[in-house]
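*Asks:* I'll drop the sequence and a predicted model, then ask my questions.
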Amino acid sequence: AQKVTQAQTEISVVEKEDVTLDCVYETRDTTYYLFWYKQPPSGELVFLIRRNSFDEQNEISGRYSWNFQKSTSSFNFTITASQVVDSAVYFCALRTLNTDKLIFGTGTRLQVFP
Amino acid sequence: GAVVSQHPSWVICKSGTSVKIECRSLDFQATTMFWYRQFPKQSLMLMATSNEGSKATYEQGVEKDKFLINHASLTLSTLTVTSAHPEDSSFYICSAFLPSPSGTYEQYFGPGTRLTVT
């Protein structure tokens, strides 16, 4: 069975702090894709990153970075020097090669205070 | 980038009436679209997979007679909530698949439709 767990329901930080959002996934498939999406209060999902199971290189994009570790089935997301505009709900998701369906985690609500 | 639109963005209807939500891929053809439902402060739950020219595939627990899906063209899928009740009030999001040059498929999400049933 496929499953995505985001244990952190809500995180609050003060602007300029670094914050890491955890994501743990479960799948028996060897080929799969992991995603992070941002959902601001408007509701529209914003795609942040896609990582396939054969690429364990960590990625950095501006203030965002992702740490993919197959050994622990984790795909964590770090925001450096957080800003108020980062306040949103962040979803981690999994898609396997055998299915086109996206399995979402329960999301982490991030609040960045000025 | 690929754009998926939804119409309407929000709708209020009375209990017992039916509501149709449209999902369009604006600059690409999508043979497969997905419909999700998101209750307040919860995650997105897949309702059904909509395939152009064939019947939709519903997830377990989703009533196919209540949530009618029609994917009549490569750019349009519709979700009709029939005999809506207050518990159907939710945020409905569609997505469409677009093949990418790398051979994988990317999924693009619409902006969502907020349904309130009074």
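*Replies:* Noted; the coordinates are in hand.
*Asks:* which is the next helix or strand following the host helix or strand of A:Leu48?
*Replies:* Under the criterion of DSSP states H and E, A:Leu48 resides in strand A:46-52. Tracing the chain past strand A:46-52, the next element assigned as helix or strand by DSSP H and E is strand A:59-61.
*Asks:* list the buried residues in the helix or strand just after that following strand.
*Replies:* Note on strand A:59-61: by DSSP H and E, the next helix or strand toward the C-terminus is strand A:64-69. Under the neighbour-count criterion of 16 or more other C-beta atoms under 10 Å in any protein chain shown, strand A:64-69 has A:64-68 buried. Backbone N, C-alpha and C define where each C-beta goes, glycine included.
*Asks:* contact partners of the longest strand anywhere in chain B?
*Replies:* Scanning chain B for the strand with the most residues, using DSSP state E, yields strand B:90-99. Residues outside strand B:90-99 that contact it (C-beta atoms under 8 Å, 6 or more residues apart in numbering or on different chains) are A:43, A:45, A:100, A:102, B:2, B:4, B:6, B:21, B:23, B:25, B:28, B:30-40, B:44, B:77, B:79, B:105-110, B:112-115.
*Asks:* buried only: go through the residues you listed for me.
*Replies:* In the contacts of strand B:90-99, burial by neighbour count holds for A:43, A:45, A:102, B:4, B:6, B:21, B:23, B:25, B:28, B:30-38, B:44, B:77, B:79, B:106-110, B:112-113, B:115, counting by 16+ other C-beta under 10 Å.
*Asks:* picking up where we left off before, do the strand holding A:Leu48 and chain B meet?
*Replies:* Yes: shown here: strand A:46-52 in contact with chain B (C-beta under 8 Å from any C-beta of the partner chain) through A:47, A:50, A:52.
*Asks:* can you count the residues close to the first one?
*Replies:* A count of nearby residues for A:Phe47, using other C-beta atoms under 10 Å in any protein chain shown, gives 14.
*Asks:* now A:Thr20: which helix or strand?
*Replies:* Per DSSP H and E, A:Thr20 falls inside strand A:19-21.
*Asks:* and that strand, how far from the chain's centre?
*Replies:* Centroid separation for strand A:19-21 versus its chain: 9 Å, with C-alpha atoms, centre = their mean, to the nearest Å.
*Asks:* do it and chain B come into contact?
*Replies:* No: Strand A:19-21 stays clear of chain B (C-beta under 8 Å from any C-beta), getting no nearer than 14.1 Å.
*Asks:* got the contact list for the helix or strand where A:Ala93 lies?
*Replies:* Using DSSP H and E, A:Ala93 sits in strand A:88-96. Strand A:88-96 is contacted from outside by A:2-4, A:6, A:21, A:23, A:25, A:27, A:29, A:31-41, A:45, A:48, A:75, A:77, A:101-105, A:107-110, B:43-44, B:107, using C-beta under 8 Å, 6+ apart.
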